[in-house]
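A.B. asks: Could you work out the structure for the sequence below:
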Amino acid sequence: MIDETSDSTDSAAHPFTRLTPDLVMDATESTGFRCDARILQLNSYENRVYQIGIEDSDPVIGKFYRPDRWTDAQILEEHTFTQLLTDSDISAIPPLEINGTTLHHFEGFRFSLSPRRGGRAPAVDDLNTLEILGSHIGRIHAVAGEGGFEHRTQFSVQEFGLDARDAVMNAGYVPSELMPAFESLYEGILSDLTTLFDRVHVNILRLHGDCHMGNVLWRDDLPHFVDFDDARSGPAIQDLWMMLSGEREQQQIQMMHILRGYRQFNHFNLAELQLIEGLRALRMIHHVAWIARRWDDPAFPRAFPFFDSERFWSEHLLSLKEQWARLSEPAIEIYD
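C.D. replies: Sure, this is the predicted structure:
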């Protein structure tokens with residue numbers, strides 16, 4: 001059991017430092033459950049997630065939301081979306097509705113409680129697994145395309161690129177001798193990304209938003225999707241490209257199998273394949289900004305101790321330059 005109050009006073013002002021095991025159990029019991037004093041913090045940085053033991057019942061998963069990231073309306077819209085998927089026989093594990101709501105408040109924190117579901121990581125090198133994943137994401141998108149989000153945001157180069165760039169450059173972590181190189185690189189790559197996303201016309205639909213293998217549990221030969229915290233509107237390819245790994249030839253074969261499953265349930269616009277490397281670049285930019293924005297959270301210096309080192313920024317600069325070059329390469333091709 002992890003008690004975040006054990007961190008140094010440098011991060012004492014962060015709200016999550018108040019989230020002690022006792023507070024987590026008190027919050028859970030405020031909904032009517034009786035805790036059995038067993039609590040395990042799970043591996044989550046954006047929010048705080050716990051497995052909480054319940055008397056005479058299975059444990060529940062408690063998610064305590066990061067303050068000031070999402071509004072109540074946005075969180076509830078995520079919950080409604082996962083319930084819609086579940087009602088359509090897609091395993092998305094929505095939060096429990098307790099006392100007429102899925103979002104609860106306790107001493108300044110907002111939280112939800114969900115049933116615990118076990119599973120293992122999918123076999124990423126198995127093409128049949130990828131085809132099954134593709135079919136289930138196709139089903140998700142078929143349901144998602146029947147409506148839209150009212151409160152949650154839409155994927156954009158502005159948020160994931162330009163705003164993220166500003167967060168990085170203004171945070172004070174980039175070594176001064178590397179600032180000119182980063183300024184020049186950001187100017188060039190973001191210009192090309194803006195042109196790319198303006199050129200490729202896509203259909204916008206509701207997405208999981210962070211659909212990678214770490215957010216899929218494999219059980220009974222089927223995928224079960226978890227952590228819809230990044231659900232937003234955007235192009236379908238956003239929920240597909242993070243399933244790819246390896247060299248270009250491998251990724252092309254993988255995407256062929258993913259789309260073979262996907263297109264059994266939903267149309268896919270092949271033009272969106274042109275966005276894969278652009279999406280990868282935006283994720284690289286946004287990931288660094290995400291850490292910079294969260295550095296006052298005690299979990300982040302522990303998880304990313306290298307972040308304020310000159311070596312990290314030199315390597316990130318090189319990686320981003322290499323990714324910029326990939327934007328000029330032909331997209332992987334899938335033939336009808």
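A.B. asks: Poorly predicted segments of this protein, please.
C.D. replies: Residues of the chain that meet the criterion pLDDT under 70 lie in 1-12, 336.
A.B. asks: At which residues are the helices of it located?
C.D. replies: 21-29, 72-87, 127-144, 157, 164-171, 179-199, 248-262, 276-293, 299-303, 310-326 (DSSP state H).
A.B. asks: Could I get those helices in a markdown table, plus columns for distance to Gly234?
C.D. replies: Every residue, glycine included, has its C-beta placed from N, CA and C. Below are these laid out as a markdown table (distance: least, Cβ to Cβ, whole Å):
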| stretch | distance to Gly234 |
| --- | --- |
| helix 21-29 | 33 |
| helix 72-87 | 14 |
| helix 127-144 | 11 |
| helix 157 | 11 |
| helix 164-171 | 16 |
| helix 179-199 | 10 |
| helix 248-262 | 16 |
| helix 276-293 | 9 |
| helix 299-303 | 26 |
| helix 310-326 | 19 |
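A.B. asks: Not counting sequence-adjacent ones, nearest residue to the residue in the chain sticking out farthest from the centre?
C.D. replies: In the chain, Asp56 marks the outermost C-alpha relative to the chain mean, sitting 33.2 Å out by Cα atoms, centre = their mean. In space, and not counting its chain neighbours, Asp56 is closest to Arg34: 8.0 Å by Cβ to Cβ, 6 or more residues apart in numbering.
A.B. asks: if we can go back for a sec, and the residue farthest from the centre of the chain, how far from Asp36?
C.D. replies: Computed as Cβ to Cβ, to the nearest Å, the Asp56 to Asp36 distance reads 8 Å.
A.B. asks: Now do the contacts for Ile98.
C.D. replies: Ile98 makes contact with Thr31, Gly32, His104, Leu113, according to Cβ atoms under 8 Å, 6 or more residues apart in numbering.
A.B. asks: close enough to count as contact, the residue nearest to Asp56 and Ile54?
C.D. replies: Yes - counting by Cβ atoms under 8 Å, Arg34 touches Ile54, with 6.7 Å between them.
A.B. asks: count of neighbours near the residue nearest to Asp56?
C.D. replies: 12 (other Cβ atoms under 10 Å).
A.B. asks: Contacts only, for the closest residue to Trp218 other than its chain neighbours.
C.D. replies: Residue nearest to Trp218 in three dimensions, not counting chain neighbours: Pro122, with 4.5 Å by Cβ to Cβ, 6+ apart. Pro122 makes contacts with Thr129, Leu133, Met213, Val216, Trp218, Pro223, as judged by Cβ under 8 Å, 6+ apart.
A.B. asks: Was I right to think His316 contacts Val288?
C.D. replies: Yes - using Cβ under 8 Å, His316 makes contact with Val288 at a distance of 6.3 Å.
A.B. asks: hang on, the earlier thing: how close does the residue nearest to Trp218 get to Leu130?
C.D. replies: 8 Å.
A.B. asks: Distance of the nearest residue to Met256 once chain neighbours are set aside relative to Leu275?
C.D. replies: Excluding the flanking residues, the one nearest Met256 by Cβ to Cβ, 6+ apart is Ile334, at 5.6 Å. Counting by Cβ to Cβ, the gap from Ile334 to Leu275 is 14 Å.
A.B. asks: Between the two, which has more neighbouring residues?
C.D. replies: Taking other Cβ under 10 Å, Ile334 and Leu275 do not tie; Leu275 has more neighbours (23 against 15).
A.B. asks: Touching, that one and Ile237? I think so.
C.D. replies: Yes - using Cβ under 8 Å, Leu275 makes contact with Ile237 at a distance of 5.3 Å.
A.B. asks: List the beta-bridge partners for Trp218.
C.D. replies: Arg120, Pro223 (DSSP bridges).
A.B. asks: what sits against the residue nearest to Asp56?
C.D. replies: When contacts are counted by Cβ under 8 Å, 6+ apart, Arg34 touches Ile54, Glu55, Asp56.
A.B. asks: Which single one of the residues you listed is nearest to Arg117?
C.D. replies: Closest approach to Arg117 among the contacts of Arg34 (Cβ to Cβ): Ile54, at 15.0 Å.
A.B. asks: in terms of contact, does that closest one touch Phe33 like I think?
C.D. replies: Yes - the pair Ile54 / Phe33 is scored as a contact, 5.3 Å apart, by Cβ under 8 Å.
A.B. asks: So these two - more neighbours on which side?
C.D. replies: Each of Ile54 and Phe33 had its neighbours counted (other Cβ under 10 Å), and the higher figure belongs to Phe33 (20 against 17).
A.B. asks: Cheers, nothing more for now.
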